[in-house]
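Asks: Kindly generate the corresponding structure for this input.
(2 chains)
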Number of protein chains: 2
Amino acid sequence: MTLTVLDRRDAFRKALDAERASGRRIGLVPTMGSLHAGHTSLMQRAASECDVVVATVFVNPLQFGPTEDLSTYPRDPDGDRAKAEAAGVAYLFAPPQGEMFPDEPATVVSVASLTDVLEGAIRPGHFQGVATIVTKLLSLAGACRAYFGEKDYQQLAVVRRLTADLSLPAEIVGCPTVRASDGLALSSRNAYLTPGERAVAPTLYRALQRAAAAATGTSDADELRAIMSATVAAQPALQLQYAEVADAADLSPLTTLDRDARLLIAARLGRTRLIDNLAVPR
Amino acid sequence: MTLTVLDRRDAFRKALDAERASGRRIGLVPTMGSLHAGHTSLMQRAASECDVVVATVFVNPLQFGPTEDLSTYPRDPDGDRAKAEAAGVAYLFAPPQGEMFPDEPATVVSVASLTDVLEGAIRPGHFQGVATIVTKLLSLAGACRAYFGEKDYQQLAVVRRLTADLSLPAEIVGCPTVRASDGLALSSRNAYLTPGERAVAPTLYRALQRAAAAATGTSDADELRAIMSATVAAQPALQLQYAEVADAADLSPLTTLDRDARLLIAARLGRTRLIDNLAVPR
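Replies: Here you go, the predicted model:
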């Protein structure tokens, strides 16, 4: 199937309505572009489970803080098109700013509690911006399965919650993080790393792995936090922002590993923020 | 067409999807029940413009403040069914609380600026509750024309705005306020009025009419505010809450009648709050 690029909301909605009217199931992969193997794994998963794969590329200004990297966020429209087509995408919705927000948007979607901790505490307003654009994209797309990476684990939790609370017509599918051979989680922001920083970056994943391994011998969440912190502290280039052990569903901090837990970690490395996470099943 | 009553979200979505799949256009009338001629006028309008009329009855707890009348809000399920059927409604969606909110909802939809003034200033959180439930109902209903009364003018403005901002698949249709023969705007809350209060209640509409008439001779918004205030003040049983002259689109207060304006008024009458509004075209 050849890729059709759409840049108007009306055309996007109509194309998907027509596919559904023909009985085809839609798989949706919302992205901010600069596609890498993490994104294309979502598209391939969607292709294996749905009849028509649709990707969106929109660098959403609502989820960037005033001092963040909106203007420098990596953009690669030609590469995105080629990678999406190779991954089996039928429609690529890549609207310009003025098409998504013809007026300054007054409406904000927020998700209580889930959005105040971890990334939300460090990036105020970030998840409101995510929740608002995801609500808009899912509303435009209509009934579909929508694929999100576990790399942004808190985002996935927020999206699951708002989809349920607002009865959006999507089924949310979380997909495993794709990693480089040395364990670094793929991220568009990895493009910011110098070669020296790139060599240090996998430390985050090692910290998660060590803590997950230790979880077989302890149920004390603080022990796992200490292991993650110590692993990161051994690399002076990394400035730890958080190393948390949280309830896998609602992200509340855990004292004891008495349920499915998630390890979540964030650090600064030069001018780049890195985040990663790992499951600790009960 | 016989009325089908639905109380499950899934059944509601499926029924409307099936109607659309058969090429029929949906007209949606969201209500809090206790239907009166204002509601049925919306249903009749929907019937004249659409193929299938769908009404919802849900007393939305999110839009009531802690000291407001949620528990005593008038409820009349049998009457609602009969009136909806007589007005041409094909599907009546009347979910119980636990069906709409199986979990305490964490997601809130808010609309900046529009929601802080007038009713929003007096009823903190009210429009967030309205915006959240309307987003959910429009999301469940899917593509439709959705009919709202001008009686709740600020609500109509909020609904128009969030529908545009979030690209919900509905077209919002505002419909004229239905009035009793003495001018009182129909409202489910009129059931609270004692006979003595009921006789005083049309004063609000008279205040609006006098101000609108005066607008042919002045462009000073404060003159209109003074006319409304004086008319209400002549009835000691009424406690004025606001008498505003606002931009008809964004509800910002006007100094000069240099664009389409809306007169908006609210007062307490015993234990009942009354609101009303009237157009002042430029």
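Asks: What is the three-state secondary structure of A:A121?
Replies: Under DSSP: H, G, I helix; E, B strand; the rest coil, the three-state class of A:A121 is helix.
Asks: residues near it, how many?
Replies: 12 (other Cβ atoms under 10 Å in any protein chain shown). Just so you know, the C-beta spots here come from the backbone N, C-alpha and C atoms, and that holds for glycine as well.
Asks: Setting aside sequence neighbours, what's the nearest residue to it?
Replies: What sits nearest to A:A121 in space, not counting adjacent residues and going by Cβ to Cβ, 6 or more residues apart in numbering or on different chains, is A:Y242, at 8.0 Å.
Asks: List the contacts of the host helix or strand of that neighbour.
Replies: Under the criterion of DSSP states H and E, A:Y242 resides in strand A:238-247. The contact list for strand A:238-247 (Cβ atoms under 8 Å, 6 or more residues apart in numbering or on different chains) reads A:117-118, A:121-122, A:200, A:203-204, A:207, A:211, A:221, A:224-225, A:228-229, A:232-233, A:252-254, A:257, A:259-269, A:273, A:280.
Asks: If we use 6 Å, what do you get?
Replies: Contacts of strand A:238-247 with the rest of the structure, by Cβ atoms under 6 Å, 6 or more residues apart in numbering or on different chains, involve A:122, A:221, A:224-225, A:228-229, A:232, A:253-254, A:261-269.
Asks: A PyMOL selection for those residues, restricted to the buried ones, would help me check which they are.
Replies: Only the buried entries of the contacts of strand A:238-247 go into this PyMOL selection, using 16 or more other Cβ atoms under 10 Å in any protein chain shown:
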select buried, chain A and resi 221+224+225+228+229+232+254+261+262+263+264+265+266+267+269
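Asks: Near chain B, which residues of the stretch 51-200 of chain A are found?
Replies: Counting by Cβ under 6 Å from any Cβ of the partner chain, the residues of the stretch 51-200 of chain A close to chain B are A:105-112, A:135-136, A:139-140, A:161-162, A:165-168.
Asks: out of those residues, which are inside helices?
Replies: A:135-136, A:139-140, A:161-162, A:165 (DSSP state H).
Asks: residue ranges with poor pLDDT in the stretch 1-150 of chain A?
Replies: A:1 (pLDDT under 70).
Asks: What ranges does it have for its helices?
Replies: Under the criterion DSSP state H, counting those that start in this stretch, the stretch 1-150 of chain A carries helices at the ranges A:9-21, A:37-49, A:77-86, A:97-100, A:119-122, A:126-141.
Asks: okay, those in TSV with distance to A:T177 next?
Replies: Converted to TSV, those look like this (distance: least, Cβ to Cβ, whole Å):
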stretch	distance to A:T177
helix A:9-21	28
helix A:37-49	7
helix A:77-86	18
helix A:97-100	27
helix A:119-122	15
helix A:126-141	18
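Asks: tell me the most buried of these?
Replies: helix A:126-141 (a mean of 24; mean count of other Cβ atoms under 10 Å in any protein chain shown).
Asks: counting contacts, what elements does that one pack onto?
Replies: On a contact count with 3 or more Cβ pairs under 6 Å, 6 or more residues apart in numbering or on different chains; DSSP states H and E, helix A:126-141 meets helix A:9-21, strand A:107-111, helix A:153-165.
Asks: pLDDT averaged over the last one - what is it?
Replies: What that stands for is helix A:153-165. Mean pLDDT, computed over helix A:153-165, is 98.
Asks: Show me what that helix is in contact with.
Replies: Residues outside helix A:153-165 that contact it (Cβ under 6 Å, 6+ apart) are A:111, A:114, A:118-119, A:127, A:130-131, A:134, A:148, A:170, A:172, A:174, A:251, A:277, B:105-107.
Asks: The residues you listed, buried ones only, as a PyMOL selection?
Replies: To isolate the buried members of those in PyMOL, using 16+ other Cβ under 10 Å:
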select buried, (chain A and resi 111+114+118+119+127+130+131+134+148+170+172+251+277) or (chain B and resi 105+106+107)
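Asks: so which of the helices and strands packed on helix A:126-141 comes closest to B:V5?
Replies: helix A:153-165 (24.4 Å; Cβ to Cβ).
Asks: so after that closest one, what's the next helix or strand?
Replies: With elements assigned by DSSP H and E, the helix or strand that comes after helix A:153-165 is strand A:170-175.
Asks: got the CA positions of the following helix or strand past that following strand in CSV?
Replies: Sequence order places helix A:195-200 as the next helix or strand after strand A:170-175, per DSSP H and E. The C-alpha trace of helix A:195-200 is given here as CSV (Å, rounded to 0.1, in the frame of the first residue of the first chain):
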residue,chain,number,x,y,z
PRO,A,195,29.7,10.7,21.6
GLY,A,196,31.0,10.9,25.1
GLU,A,197,27.5,11.3,26.6
ARG,A,198,26.2,8.5,24.4
ALA,A,199,28.7,6.1,26.0
VAL,A,200,27.4,7.1,29.5
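Asks: ok, and for helix A:195-200, which residues are buried?
Replies: A:197-198, A:200.
Asks: I'd like those as CSV, with pLDDT and distance to A:R8 appended.
Replies: Shown next, in CSV, are these (pLDDT from 0 to 100; distance: Cβ to Cβ, whole Å):
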residue, pLDDT, distance to A:R8
A:E197, 98, 40
A:R198, 98, 39
A:V200, 98, 44
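Asks: quick one: which of these is nearest B:T216?
Replies: Out of these, the member with the shortest distance to B:T216 (by Cβ to Cβ) is A:E197, at 71.5 Å.
Asks: Verify the stated contact: the closest one with A:A267.
Replies: No: if you go by Cβ atoms under 6 Å, A:E197 and A:A267 don't touch, sitting 11.1 Å apart.
Asks: Where do the domain boundaries of chain A fall?
Replies: With domains defined by automatic domain parsing, chain A comprises A:4-175, A:188-280.
Asks: between these, which gets nearest to B:R179?
Replies: Ranking those by proximity to B:R179 (Cβ to Cβ) places domain A:4-175 first, at 30.8 Å.
Asks: Can you get me the start-to-end distance on that closest one?
Replies: The straight-line separation of the ends of domain A:4-175 (Cα to Cα, to the nearest Å) is 25 Å.
Asks: Also stretch A:98-110?
Replies: From its first residue to its last, stretch A:98-110 covers 23 Å (Cα to Cα).
Asks: Just the residues contacting that stretch, thanks.
Replies: A:128, A:131-132, A:135, B:108-112, B:161-162, B:165-166.
Asks: Could you measure from the spatially most central residue of chain A over to B:D250?
Replies: What sits nearest the mean C-alpha location of chain A, by Cα atoms, centre = their mean, is A:D152, with 3.5 Å. For A:D152, the distance to B:D250 equals 35 Å [Cβ to Cβ, to the nearest Å].
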